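Sharing a sequence plus its predicted fold:
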Amino acid sequence: MKINIIYWSGTGNTEKMAEAIRDGIKNEGAEVLLLKVSEADITDVENADKVVFGCPAMGAEELEEMEMRPFMDEANKKISGKKIALFGSYEWADGEWINTWEEEVEDEGAIVVDKLACYDTPTEDDIKKCEEFGRKIAKA
């Protein structure tokens, strides 16, 4: 089972989440690769059994538009039938971006295993939730 985590992080909050999710996946014995979106290419989506995408809410509850949005536009063409999970952090509003993102990938035919949003800087409890999120993805 190969699971790739592809994420964008501006302040490090989403990166902390990504690392904890990776640890949870590893604890279940699955093969996991952690990639910043700037290091990823479309084959990292195509060649994975499952893909975990991470991005904080930006602007008016949107994905980061210089790297993550263009990557998702390309990835959306390759995710039909694939198990996907979504995560990220937010600091304002109600975290609606994660629900919009879920609808987007479901509209492309992805199977959303789970999603996780953390408010602001992940707390110790949030990190534990991220590790559990990773374990759940590995088992899905």
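That came through, no problem.

Can you tell me how far the nearest residue to Glu106 once chain neighbours are set aside is from Asp41?
Distance criterion C-beta to C-beta, 6 or more residues apart in numbering; nearest residue to Glu106, sequence neighbours excluded, is Val112 at 5.8 Å. C-beta: built from backbone N, CA, C; applies to glycine. According to C-beta to C-beta, to the nearest Å, Val112 and Asp41 sit 23 Å apart.

which of these two has more neighbours?
More neighbours surround Val112 than the other of Val112 and Asp41, with 16 against 13 (other C-beta atoms under 10 Å).

If that one is in a bridge, with which residues?
Legend: beta-bridge partners of Val112 under DSSP bridges are Ile84.

and Cys118, that's in a strand?
Yes. Counting by DSSP: H, G, I helix; E, B strand; the rest coil, Cys118 is located in a strand.

That one touches Asp126, doesn't it?
Yes. Judged on C-beta atoms under 8 Å, Cys118 makes contact with Asp126 at a distance of 4.5 Å.

Could you measure from Thr121 over to Ala60?
Relative to Ala60, and taking C-beta to C-beta, Thr121 is found at 22 Å.
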